[in-house]
Each structure stands twice: as structure tokens, then as C-alpha cells.
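> Fold the following, please.
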Amino acid sequence: MEHIRQPGRQPLKPPIYVLIVDDVQNNITALEASLARPDISVLAAGSGPAALELLLKHEVALAILDVNMPGMDGFELAELMRGSPRTAHVPIIFLTATAQDTGRTFRGYEAGAVDFLYKPYDSRILNSKVDVFIQIEKQKQQLATQLATVQQLLDANEMLMAVLGHDLRTPLSAVIASAEYLARFVPDENVANIGTRIKSSGMRMVRMVDQLLNLARLRGGRVTLQPRAVELMTLAKNIVEEYEARVGQGRIFIFRDGDTLMQGDGDLLSQVFSNLIGNALTHGREGSAIQVRLNG
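Numbers count the residues shown, from 1 in each chain. Got it, this is the predicted structure:
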């Protein structure tokens, strides 16, 4: 015997299922009447095997089990539930008409019960206990919804970064090609040097576009860092030269102490240097010297 009583008004949110298991139909009817509320869907089973079938089909927030049932009793059913990853987390309340026995009570808790009630039970007490687990289930559903929303936003952000990256690469390619032409074919050495710096900055901008996409993937848990042998002094010098082309030489100084060869993601480390030096120039005292100290 098994059936499902849905609440009279279907909720918009996923239903919260409470499983009741008893071999006496009158007891099931009484429990259903006690638990009648719009935010609960009651699953009823008249035996342990029937309850296991319902547990395979539905995610249950709480199970209320009668202890004394023929065949598979409530303790055996609880032990089977605890042994399955799908139902191991389901809280269990035992109901029994047997006189209170400390040994049976302890056996119930050992089987995984969170509470043990004796018939005749007070429906108000039962409902107050049930309400605790219903509230926990509602919070779990809210968290699941929030996580799904966050994941959708991360996916949308990654797609936006991919589109921007594609659109930005086209004009950057033109800038880099023009700079390379200046560096290679213009006889004026100053112009050639400017072309070299433009090309270097353009290449770094291409890497920055890639890093934006990597950042979006990182927030979505889908980025793979690419560590390799990196000389921090070389990275820092390259960034400093780019800034010196804008602010002039003699303001940014690099100091190295020890061996600065390391394993790391060179592109991301270059971005770190660029951000730190840029912030120092923007927010530091106007005209003050910027010191980049590398401690190996």
C-alpha cells in the first residue's frame, strides 16, 4: 500500500516531501491530517519495501517511521536508509505504540533517529518537530536556487568576455602589424623604437584580453594556470619600459635581491606588475619616484 497526498494548492517552488510509514491505514490517515499544510507533500507507505520504492523516486526532507511493522520493521528500514548515499542524510522520527523502553529508544537512535515519539502523540508537538526540518529543507532549496543563479551569471560573464575578446583582437592585430612595420622598415631610429614599444604594448594587450577570459573562467572554476620558468626581473623591466614611454624615464626604479627565477604564469604575473606600478603612478604623490623591489 502506498499513495501520495499532494497539498490542495500546488506550490510554485519544488515540493517538500515528508514520508510516513505505518502498516495501519488509520494511523496514516491520522498522520496526514496532523501534517496537512500547504508547504508539505506527504508520501505514505504501508510497509518498508513500499517506502524504499518511494525513496527511490523522491527527495525526502523527513521520514516518520512506525517501529512495529510486520516483515521489515522501522529499525530495519532506518538501517537500510542509512546505508544508502541517496537517503543517508534523511532525518528520521520514530513513532511507536509500545510502552517506553530505554533499550528500544537507544536502538532507535543507533539506527539513525533524530527523535523518538510514543503513541498517542500530541499533534502540536509532532508538528513543531516537523517544522524544524521543513525550514531546513526550505533553506537548502533557497541555497540551491542561489547557486544556480550565480552559475548562470558566471556563464553569461564568460560568454561576454569571449565576445569582447574576439572583437578586441581585430583592432589590436592592426595596431601590432602597423607597429611592426614602423619597427622594421622606417629608417628613423626613434620612430623604430616607438614602433617596438607599441608592438610590445599591443602584444601585452592581447594577453590581457586572454586574461580577462581566464578571470571569467577562474570565477567559474574552469581556468588552468600555465606555470613555466619565469624571470621576474625581465617581466618587471618590460612593464617599466611600457610605463616609461608614457611618464618618461628616471621615475621608476627596479631593485633585485637574490635569484628571481621562478615557476609561474608569466602573463598573469605581468598583469600583477602592471597593476601595482599603475596604481603607484596614479595614486602616489605626484612626481615621486616609484621603486619596484624584487626579493628572491
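> make it CA atoms for all contacts and neighbour counts henceforth
Fine.
> which regions of the chain lie under the pLDDT threshold?
1-13, 98-112, 162, 165-166, 214-223 (pLDDT under 70).
> So which residues of it form helices?
25-34, 48-57, 74-82, 102-110, 123-185, 189-219, 232-247, 266-283 (DSSP state H).
> right, so these: which one is the most enclosed?
helix 74-82 (a mean of 21; mean count of other CA atoms under 10 Å).
> quick one: that one to helix 48-57, angle?
Helix 74-82 and helix 48-57 are oriented at 20 degrees to each other (axes from the mean of the first three to the mean of the last three CA atoms, to 10 degrees).
> so what's Ser201 closest to, chain neighbours aside?
Closest residue in space to Ser201, ignoring its immediate chain neighbours: Glu242 at 6.7 Å, by CA to CA, 6 or more residues apart in numbering.
> Which one of the helices of the chain lies nearest to Tyr17?
Ranking the helices of the chain by proximity to Tyr17 (CA to CA) places helix 123-185 first, at 9.0 Å.
> name the helices or strands packed onto that closest one?
strand 60-66, helix 189-219 (3 or more CA pairs under 8 Å, 6 or more residues apart in numbering; DSSP states H and E).
> Any chance of JSON lines for those, columns distance to Phe116?
Rendered in JSON lines, the data for the helices and strands packed on helix 123-185 read as follows (distance: least, CA to CA, whole Å):
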{"stretch": "strand 60-66", "distance to Phe116": "10"}
{"stretch": "helix 189-219", "distance to Phe116": "45"}
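> just so I know, which of those lies nearest Val163?
helix 189-219 (9.5 Å).
> Need phi/psi at the residue of the chain positioned farthest from its centre.
Using CA atoms, centre = their mean, the residue of the chain lying farthest from its centre is Pro187. It sits 56.5 Å away. Note on Pro187: backbone dihedrals following degrees, to the nearest 10 are phi -70, psi -30.
> Now do Asp259 against Val230, distance only.
Per CA to CA, to the nearest Å, Asp259 is found 11 Å from Val230.
> hmm, I was thinking of Glu59
Using CA to CA, Glu59 is found at 52 Å from Val230.
> go on, Ala45?
Using CA to CA, Ala45 is found at 66 Å from Val230.
> Ok, Asp167 next?
Distance of Asp167 to Val230, computed by CA to CA: 30 Å.
> Need the contact partners of stretch 58-78.
Outside stretch 58-78, the residues that touch it by CA atoms under 8 Å, 6 or more residues apart in numbering are 16-23, 47-49, 90-97, 107-108, 111-113, 130, 133-134, 137.
> Now do the same contact list for His89.
Applying CA under 8 Å, 6+ apart, the residues contacting His89 are Arg82.
> Ile194 too?
Neighbours of Ile194 in contact, by CA under 8 Å, 6+ apart: Ala179, Leu182, Ala183.
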